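S.K.: show me how the following folds:
(2 chains)
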Amino acid sequence: MEFLKRLISSDFLPHGTCYLWDPRIVWLHVISDSLITVAYYCIPLALVYLVRKRRDLPFNWIFWMFGLFILGCGTTHLMEVWTVWHGTYLLSGVVKAFTAAISVVTAVMLVPLIPKAVALPGPGQLRAINQELKHQAAERAQREQELIQLTQELELRIQNRTVELESINRSLENEIAIGAEGQRALSASEARLSSVIESAMDAILAIDERQRIVLFNVAAEKMFECSAKEAIGQPLHRFIPERFRASHARYIHRFGNTGVSSRNMSALGQLWGLRAPGTEFPIEASISQTQAGGRKLYTVILRDVTERKQAEARNVLLATIVESSSDAVVSKDLSGTILSWNAGAEQIYGYTEAEILGKSVDLIVPPDQLDESNRALLEVARGRMVTRDETIRVRKDGSLLTVSLILSPMRNAEGQIIGISSIAHDITARKAAERQVRDLNLQLEKRVRERTVDLQIANKELEAFTYSVSHDLRAPLRHIAGFSKMLAEECGASLQPEGLHYLQRIQEGTRRMGMLVDDLLNLARIGRHELRLQVTELQSVIKDVIAELTPDVEGREVEWKIRKLPHVEGDPALLRVVFQNLLSNALKYTRPRAKAIIEVGCEQVAAEQVVYVRDNGVGFNMIYADKLFGVFERLHRSEDFEGSGVGLATAQRIVQKHGGRIWAQAKLDKGATFYVSFGNAKDAEIESEAAMAGDIS
Amino acid sequence: MTEPNEVDILLVEDNPDDLELTLHALRREHLANNIFAVRDGEEAVEFLFCTGRFQQRDFDHLPRLVLLDLKLPKLTGLEVLKRVKQDPRTKALPVVVLTSSKEERDLIASYNLGANSYIQKPVDFDRFREIVKSTGLYWMVINQRPLSNPAQESRAASQP
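M.R.: Numbering: from 1, shown residues only, chains lettered A, B, ... in the order given. Here you go, the predicted model:
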């Protein structure tokens, strides 16, 4: 920047000052320099024009250099004009230095150029050369003419030959093309045919006139479970069950003679194939014949219809089931038009199939059920299954019936609902039976209620009776006993011996009467006693009872044989009463024996556990066995064996209350055995109470 | 008849035969000098609570033992028992049920109402006398009773 500033600064005096501003000198310099400048600027322009026009000029770069150096000189002179008025000598110096540099470079480059410039030919030389050249050119032209002629000749011959070759080629190509295409077409058709045969679902076999297999496709391999390699060359009958072979062979032979090109083989009836492993299967077949190379060829197309046959059989079965069903199986379309109507429907509704097909299902719906029926059909049409346990329908004769109904949608292969199937089961009879049972039950319940009331009344009476016996009957007895005793004590001295004896008999009587009343009350109490069931160990019950009987054993020889006894479900207090009675009886009736043997054990009789009490006592005659358990029934005189005749009755009542049985086996003088079996206590209680009430009333 | 204010044993019994036999048994054993008999439930209540026919009786002289039959005219034995045991003045009075009945419901009802003992009269007279003797012996001799009337004590205690 500093340099640039200085470059254009004009601190110096202008050059004009050196001319003392003498106008003549100033203008002399100015005009001269200006003209030089103009001239110098024109020369490079001319040079540039020359160089551009004469591209063939040798060393033309030197003209560029001259141009540049003359331009520099022109500028130097221009600066001379400028410095007259402006002292920018640095700038004019620089321009001058630039011009100098270019001049020097141009001069230096020009020096080595001089010898080359000298070597450039002059115009005379050029004329001679030209002459020579012209001559040579003429010669050359002549030779060229000759060459052209020759070439033309050659070309003509080549052309001729080419045409010849092309025609040969064309005909060859033609031939080749024709052959290849035929080949291609032939192999393509063969491939197509083969792929058709191999991809066919049906088995395709070809046989020659001797009925030997010449073609066996993939489907045939699968169907007969035999590879084509094995099959080809084999007789066809290898794949036909033996019993059909003769008729098949005859059929094919006859077919060959008819000249008909193809025919379905169903004339033979159901056809059967034979797989290589020996299993038979149903097939459908068609046969066709062709002539190939003068020989007859039969083509057999087979289809395995096993699945179809099974499906058909299934359909037949299903149809049979539907037809033989006693339920009404009916199908209808979505608008309710009946499409099918089985025998069951005929039976139930009374319409024949012919009568009702195509009619509306509303025919069998009572008017008041139509809404409900339509709702159900709509629901099924939406894909839901509808069941009705009980619904009313109407028969042809107008009578109503009750049916249970299942409605389900029928769909086609695409899953669209196309109709409704219904199965109706006539439950009219069942309903009637149910009603009857209900009525009977009601009657029974009523009777049970009545009976219960009777029983309750009887029980109340019984209670009142026992209560009054307990109170009122015993009281006079006590009085008789009391006063007779007092009489004996206080007036005994004044009485005759007979009088004392009678008093004794009165007292004895009252004592016995008291015992009877107590026993009877016990018996009644047991009848009213509510069972408190629990698992009871009989062994310990027996042990306790024997301990209680100790006073009665005193002074006697008694052998107790207690076997293993079971646990039973019963009321322990009542069970104790049973065995008290049985064991005290055993003890009582063995009294005449020197040694009493009393055995208690358990036997399994059928499904029952039976507990027995056996003694070697006086026994009894079995003809009285039925009296044994009656109240107040006695088989012995009371002088021989005391007792009220209530003990066994009580024991029986208790056992019956437990749902069990009690019975005895005995022989006069040969001992007795009492058996007790325990049943289901809960069931028996009611019966027993009923029996009690019956006894009293 | 014993003076109502000096009664040792009150016998409640409607049946004259029973009454005679019981009195006979009691006297024979010399267990009590002063035995008073009433013939129905109503009379028993009047006697014990000093009302009606026994208005003049002094409440502070309660008998030492009541022998009570259950089957009584007018008020039953159980009703009499109930009144005695519900009233704080008579609550502590020993009541022994002496009856023909051995019915479970009578036994349960008696004990629930607070009977001190329950005895069934046996048919055998010897056994009856035995029972009367031991009962009298027990309640009149063996059993300890408070010297003053427990009811008065409780009344005194409850007054501020």
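S.K.: what's around residue 3, how many residues?
M.R.: Went with chain A since none was named. 8 (other C-beta atoms under 10 Å in any protein chain shown). Quick note: C-beta positions are derived from backbone N, CA and C, even for glycine.
S.K.: nope, chain B please
M.R.: Quick note: B:Glu3 (other C-beta under 10 Å) scores 10 neighbours.
S.K.: next: B:Gln86.
M.R.: If you count neighbours by other C-beta under 10 Å, B:Gln86 ends up with 11.
S.K.: what's in contact with stretch B:99-109?
M.R.: Contact partners of stretch B:99-109, identified using C-beta atoms under 8 Å, 6 or more residues apart in numbering or on different chains, comprise A:466-467, A:470-472, A:474-475, A:478, A:521, A:525, B:69-71, B:77-78, B:97, B:118-121.
S.K.: now do that stretch: distance to the chain's middle.
M.R.: Distance of stretch B:99-109 from its chain centroid, counting by C-alpha atoms, centre = their mean, to the nearest Å, is 17 Å.
S.K.: now do the buried residues in it.
M.R.: Within stretch B:99-109, the residues that count as buried by 16 or more other C-beta atoms under 10 Å in any protein chain shown are B:99-103, B:106-107, B:109.
S.K.: helix or strand: which one has the closest residue to A:Ser326 other than its chain neighbours?
M.R.: For A:Ser326, ignoring the flanking residues on the chain, the nearest one in space by C-beta to C-beta, 6 or more residues apart in numbering or on different chains is A:Gly344 at 5.0 Å. Per DSSP states H and E, A:Gly344 falls inside helix A:343-349.
S.K.: same question, A:Phe66
M.R.: Short version: A:Phe66 belongs to helix A:61-85, going by DSSP H and E.
S.K.: quick one: mean pLDDT for that helix?
M.R.: The predicted model assigns helix A:61-85 a mean pLDDT of 86.
S.K.: circling back to that earlier point, please pick the buried ones from the contacts of stretch B:99-109.
M.R.: Applying 16+ other C-beta under 10 Å to the contacts of stretch B:99-109, the neighbour count classes A:466-467, A:470-471, A:474-475, A:478, A:521, B:69-71, B:77-78, B:97, B:118-121 as buried.
S.K.: of all of chain A, which residue lies closest to chain B?
M.R.: Proximity of chain A to chain B (C-beta to the nearest C-beta) peaks at A:Gly514, 3.2 Å away.
S.K.: what about that residue, neighbour count?
M.R.: Neighbour count of A:Gly514, defined by other C-beta under 10 Å: 19.
S.K.: helices of the stretch 401-550 of chain A, residue ranges please.
M.R.: For the stretch 401-550 of chain A, applying DSSP state H, counting those that start in this stretch gives helices covering A:428-468, A:474-491, A:497-528, A:538-548, A:550-553.
S.K.: tell me the angle the third one makes with helix A:474-491.
M.R.: Going back to what we said before, that points to helix A:497-528. 160 degrees (axes from the mean of the first three to the mean of the last three C-alpha atoms, to 10 degrees).
S.K.: in the chain, which residue is closest to the centre?
M.R.: All of this is about chain A. Of all residues in chain A, the one closest to the mean position by C-alpha atoms, centre = their mean is A:Gly415, 18.1 Å from it.
S.K.: oops, chain B please
M.R.: Geometric centre of chain B, nearest residue: B:Val66, 1.1 Å, by C-alpha atoms, centre = their mean.
S.K.: so what strands line up beside whichever helix or strand that one is part of?
M.R.: Secondary structure from DSSP H and E places B:Val66 in strand B:65-68. In the sheet, strand B:65-68 lines up against strand B:9-12 (parallel), strand B:95-99 (parallel) (DSSP bridges).
S.K.: so can I have JSON lines of those showing mean pLDDT and distance to A:Ala180?
M.R.: Output for these, formatted as JSON lines (pLDDT from 0 to 100; distance: least, C-beta to C-beta, whole Å):
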{"stretch": "strand B:9-12", "mean pLDDT": "94", "distance to A:Ala180": "149"}
{"stretch": "strand B:95-99", "mean pLDDT": "93", "distance to A:Ala180": "141"}
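S.K.: for the helix holding A:Phe66, which positions count as buried?
M.R.: Across helix A:61-85, burial judged by 16+ other C-beta under 10 Å covers A:62-63, A:65-84.
S.K.: re earlier: hang on, the residue nearest to the centre of chain B packs against B:Val95?
M.R.: Yes. Counting by C-beta atoms under 8 Å, B:Val66 sits close enough to B:Val95 to count as a contact (4.6 Å).
S.K.: number of nearby residues for the residue in chain B positioned nearest to chain A?
M.R.: Residue nearest to chain A within chain B: B:Val123 (3.2 Å; C-beta to the nearest C-beta). By the criterion of other C-beta under 10 Å, B:Val123 has 25 neighbours.
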